[in-house]
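Peer 1: My questions are about this predicted structure, shown below with the sequence.
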Amino acid sequence: MSDDEENYDDFMMSDDDGMIEMEDDEDDEENTTGSGLPKDESGNDISDSAEINRQSLEDLYEIGVYYGEEQDWVQAQTTLKKLLDISRGDVSEDAVHWRHKSLLQILHFWAVRMHYNDLPKLDDVIPACKELIRQFGIQHDDKVWSEIFTTPRGFLFEDKFEPLVVARIELQLECMEPLLMDKTIQLRHNILSIWRDRLLSDSIDESRVKFLESRCFDDNTGQELDALHVEMVSLILQCYIHEFMSSGKVNSRAKFSEFLAKIESHASKSLAVSQTLGIMMQLPLAQSIEQVLQKSPNTKRLQRLFWSSLKQMEEIGGPQKFNSRLEEFILCGFIFSSMIMYRENGEVNPFDLEQVKVGREMEMVQILQDCYSNFVQLNLPQLGISISRLPTGALCLLDVLVNEIYQVAQIAKLWKSLAPLFSCISLQDLQKELQINEVPVTRDHILTILMTSIMKDRAAVYYKLDLKQDLVYFGNENKVPLSLWAKQSLTLDELERSNDIGMWHSTRKLKHKEANAFFQDLQRQRVGEFEGDSFQPRCNQDNLIHELASQAARVWSP
Amino acid sequence: MLQGFEGAILVERVNHLICKGYGSEQERKDWARGIVEYLCGIGCISTPYWNRFLAIGCFEILPKVAFCESTILQRIIAHEYVEAVALLETNDIDVGAHCRSLEAITEIMILSRNFRELDEIEYQVTGINFSRQESLGELEANALRRIKLLLCASLYLRGKYFDCASCFFKLLTNDCRMMDFLNQESSKKFLTNSELLMMIQISTLVAIPLDNYEDFTNIEELGPFQKICPSLYYCLGLLINTSFGKFFQLWHGDINEQCNKSFFLDQNWETAQCMMREKIYFFYLRVSTDIEISYLSQILGIEESLVKEEIENLIYSAHLCFEIKGNTIHYKRSFFLESVVSQLRSNEKMIASRLESQSLKNREMRNLLQSMIIDNNENSRSIAGDALLRSERHGLGREGSELMDLDEINDVSDTDNQSVEIGN
């Protein structure tokens, strides 16, 4: 590999931050190669010379590069074109080599100008592209293509974009027109078209997404994806996220999940996928969206996903103001899921975390803080008020979580502060006590909370319902035997039946079991090994003796 | 609906549909005609349902009866199961086809509801361990899987819902290829996969306590199974959220329909259906002291008379401490020994009164004796002696009968309180 090629590679890397490096490089160039070259005359000299040797082509190339570095685009262009003119028809190895390099350089300069929103004409670029493809084909690792057909900075689902972005895309698309017979150019054309549609009309052509999706993983099985494919994956993810952020739903949910599963499995194997900055942020974001859409009850995972999105967002975005829709969504999502998880692992206050602390001056963070403390203190009406002060956009997207927060708060309020206080309360009063916002709490809702609590073993206090007068009695004294008979006195058939009906099982949870262990546990309960609590006092020997004594006392006392 | 079935199972299924009055009259007629033609075609016209098929099929001329090529099939269709198995067993069986012949026998046993023999087969099958299963050919391994699933299904047919569910999930988790196997319908159909999955669904719902449904749905291992049997998980979701009304809509709607038309499912559907209702009734009784039948009927979407009848039956047969007064079901705390207490009391009174009268007599006797000693009259002493003897004999007799009464009391309390004995 020659020095020039290395230089070329350096340029290819140049993007936002590469700019500084470029200036450093310029100085170096001048010291080494550029110093001996007089600017105008030497170029003319060589052009006049009849003998075209390796040296002169190389010189022309160097001069072209030099002009480019000086940002004298016209001179650079003419010099490199001269090289092409001179070497036209020459098939010697040298000539072909230098032609190739200068074609790449022409495109590179074009890309650099576009990068700084210079938006040059296409006159010279299109022939250069055509010739490059005709003579050398498109190698997948040709960085020049991703350079000139680069996508805009930022994400499809963001609110603000750089100026002139649409004009640049139009220019890029125009440049692609004559090259569309090539497959990778087709893919790039689709990518940029999606961007254009999004920017111009805020719509995304699903057939284009579908096209990209079908090409994403097809031609490589398990190996590293190249840059173009990673870009496609990232863009498709952005399309889904954009769809959700703007409409609150994803139309083809099954495909979304399928696609996510593919990326997940790829990310676990491929560094190119998992370490790309954009994807590092989008993947947890997309996963959390998927979970919100599925209304999955696994809040712990959701909290983790929102948390990693939040961290990635900070890495990408620098100081946060939490004022874009995306930032609102992620922050609210994280705080909401932390609230739901509070009773299980409330030891970490999310507002102590650095990533949230930076925004503590922001109004939204303060409102969220109110929500959090009202939730913790179980002030239900205030909780409703503070949640309603949050931006409606984020609330709509997260209504699943909001509803869950309300429900968790009601359950906690019921068992933490109402049940221990009252020995008897009417359902109507409970409805009033558990009201959060203007939406009335129905009697059915109260009953559902009570019944699911007992089924999930969340009822802190035992209770009985009088459904005739709509009263609830709290207190362990309500735990009474439901059957006259002891389990031991049943025949085998009766036992089987009463087991199926659920007369004897314990209220102990069988969490995190494997299927076999789960059924073995149930089997043990069925045959009569008592484990854990029950919803009725058990007739063991002590109980019997106790009862005998109390009966005797009743009978013989006057 | 009858696509893909042949032989005895086809006959049974057609008969089932006709007996259930399923479909339109024309459809039933077509089925009957079809099956008669089929039976004549294979030469097996001896079946207990023959006359029924003929009557419904309205034949003018019977098709020609062909020569029967399989005596075994003939026997099975004629419900001569013992003979059929005997014939199968006398056939020379290739060692390489052992499982397939065992499968045929299992099917016959299930048709004949001969569950004792099935236990025998289960014993044989568990002898074939997993490492050997690997070495079996594809055909044999699949036959073995089908046998195991059939055995599992037979537990449903026996009403052992818990065993059915636990046995199935054991199979599912122990054999990694079972999942794929359930996804594809086999070409030779006896019990279809969808019927089997419905059995599992019913058994799981009936057998797992309400409180543990959620734990069941969280078993990670069974994640892939959720895709195979989504309706089970849908039902579980409804029950976990106490949407009992919606659940029963499904239970008495779609699920009932599927069970009714299936020859196998229908065999134990009634019991399972009722059991599930009782399970929910019991849950309501468990959390309430007072509840109205009309209310239950309304929120569960079950007819009021049925609710009343079933709850009455539930309270009676499970000895629940509830009583029904008109429309209201009310918790009535009755103690374990309460039923004996009144008996004990009346016994106590009776004993007391007997003791009383006895002591009265003794007193009389003492008085008499004393007066006799005081009188010290020879003549009157001999008369008094006779009287004493007489009254003593009489007293002994009464005492005997009182002892017997006490025994009776013991008897009563013993039988009523078996557990007391066991407990001691």
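Peer 2: Received the coordinates, thanks.

Peer 1: going forward, measure contacts between C-alpha atoms and count neighbours the same way
Peer 2: Fine.

Peer 1: can I see the domain layout of chain B?
Peer 2: Annotated domains of chain B cover B:1-80, B:92-266, B:288-354 [the TED database].

Peer 1: First-to-last residue distance for the shortest one?
Peer 2: Terminal residues of domain B:288-354 lie 47 Å apart, using CA to CA, to the nearest Å.

Peer 1: Distance from the chain centre to that domain, please.
Peer 2: 24 Å (CA atoms, centre = their mean, to the nearest Å).

Peer 1: Then the first one?
Peer 2: Averaged C-alpha coordinates place domain B:1-80 at 31 Å from its chain's average position (CA atoms, centre = their mean).

Peer 1: Tell me how far B:Glu80 lies from B:Arg145.
Peer 2: Taking CA to CA, one finds B:Glu80 at 27 Å from B:Arg145.

Peer 1: Now tabulate the domains of chain B in JSON lines and tack on mean neighbour count, distance to A:Glu314 and mean pLDDT.
Peer 2: Output for the domains of chain B, formatted as JSON lines (neighbours: other CA atoms under 10 Å in any protein chain shown; distance: least, CA to CA, whole Å; pLDDT from 0 to 100):
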{"stretch": "domain B:1-80", "mean neighbour count": "16", "distance to A:Glu314": "60", "mean pLDDT": "86"}
{"stretch": "domain B:92-266", "mean neighbour count": "17", "distance to A:Glu314": "34", "mean pLDDT": "87"}
{"stretch": "domain B:288-354", "mean neighbour count": "16", "distance to A:Glu314": "51", "mean pLDDT": "86"}
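
Peer 1: For A:Gln105, find the nearest of the ones you listed.
Peer 2: domain B:92-266 (54.2 Å; CA to CA).

Peer 1: Distance to chain A for the domains of chain B - can I get that in JSON lines?
Peer 2: Formatted as JSON lines, those follow (distance: least, CA to the nearest CA, whole Å):
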{"stretch": "domain B:1-80", "distance to chain A": "27"}
{"stretch": "domain B:92-266", "distance to chain A": "5"}
{"stretch": "domain B:288-354", "distance to chain A": "4"}
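
Peer 1: looking at those, which is closest to A:Leu447?
Peer 2: domain B:92-266 (9.1 Å).

Peer 1: mind checking how far the helix or strand where B:Leu369 lies is from the chain centre?
Peer 2: Using DSSP states H and E, B:Leu369 sits within helix B:338-375. Between the centre of helix B:338-375 and the centre of its chain there are 54 Å (CA atoms, centre = their mean).

Peer 1: And for stretch B:283-300?
Peer 2: For stretch B:283-300, the distance to the chain centre is 25 Å (CA atoms, centre = their mean).

Peer 1: end-to-end on it?
Peer 2: 12 Å.

Peer 1: Give me the contact list for it.
Peer 2: A:451, A:463-468, A:482, A:535, B:244-246, B:248, B:302-304, B:307-308, B:327-331 (CA atoms under 8 Å, 6 or more residues apart in numbering or on different chains).

Peer 1: Cross the residues you listed against helices and list the overlap.
Peer 2: Judged by DSSP state H, the subset of the contacts of stretch B:283-300 located in helices is A:Met451, B:Phe244, B:Gly245, B:Lys246, B:Phe248, B:Glu304, B:Val307, B:Lys308.

Peer 1: Next, work out how far apart A:Lys500 and chain B are.
Peer 2: Check again: residue A:500 is Asp, not Lys. According to CA to the nearest CA, to the nearest Å, A:Asp500 stands 5 Å off from chain B.

Peer 1: That residue contacts B:Lys279, doesn't it?
Peer 2: Yes - using CA atoms under 8 Å, A:Asp500 is in contact with B:Lys279, at 7.3 Å.

Peer 1: which residues in chain A form strands?
Peer 2: Using DSSP state E, the strands of chain A run over A:424-426, A:463-466, A:471-474.

Peer 1: can you tell me which helix or strand the closest residue to B:Thr217 other than its chain neighbours belongs to?
Peer 2: In space, B:Thr217 comes closest to B:Tyr233 once its chain neighbours are excluded; the distance is 7.2 Å by CA to CA, 6 or more residues apart in numbering or on different chains. If you go by DSSP H and E, B:Tyr233 is part of helix B:230-240.

Peer 1: Check which helices and strands that helix sits against.
Peer 2: Contact partners of helix B:230-240 among helices and strands, from 3 or more CA pairs under 8 Å, 6 or more residues apart in numbering or on different chains; DSSP states H and E: helix B:193-207, helix B:213-217, helix B:244-250.

Peer 1: Need the CA coordinates for the longest helix seen in chain A. PDB is fine.
Peer 2: Counting residues, the longest helix found in chain A (DSSP H) is helix A:93-115. Extracted in PDB, the C-alpha atoms of helix A:93-115 (Å, rounded to 0.1, in the frame of the first residue of the first chain):
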ATOM      1  CA  GLU A  93      -1.200  -0.900 -15.500                       C
ATOM      2  CA  ASP A  94       0.100   2.400 -14.400                       C
ATOM      3  CA  ALA A  95      -2.400   4.500 -16.300                       C
ATOM      4  CA  VAL A  96      -5.300   2.400 -15.100                       C
ATOM      5  CA  HIS A  97      -4.100   2.700 -11.500                       C
ATOM      6  CA  TRP A  98      -3.900   6.400 -11.600                       C
ATOM      7  CA  ARG A  99      -7.200   6.800 -13.400                       C
ATOM      8  CA  HIS A 100      -8.900   4.800 -10.800                       C
ATOM      9  CA  LYS A 101      -7.400   6.900  -8.000                       C
ATOM     10  CA  SER A 102      -8.300  10.200  -9.600                       C
ATOM     11  CA  LEU A 103     -11.900   9.100 -10.300                       C
ATOM     12  CA  LEU A 104     -12.200   8.200  -6.600                       C
ATOM     13  CA  GLN A 105     -10.700  11.500  -5.700                       C
ATOM     14  CA  ILE A 106     -13.200  13.400  -7.900                       C
ATOM     15  CA  LEU A 107     -16.000  11.800  -6.100                       C
ATOM     16  CA  HIS A 108     -14.400  12.300  -2.800                       C
ATOM     17  CA  PHE A 109     -14.100  16.000  -3.400                       C
ATOM     18  CA  TRP A 110     -17.700  16.100  -4.400                       C
ATOM     19  CA  ALA A 111     -18.700  14.400  -1.300                       C
ATOM     20  CA  VAL A 112     -16.600  16.800   0.900                       C
ATOM     21  CA  ARG A 113     -18.200  19.800  -0.800                       C
ATOM     22  CA  MET A 114     -21.600  18.300  -0.200                       C
ATOM     23  CA  HIS A 115     -20.700  17.600   3.400                       C
END
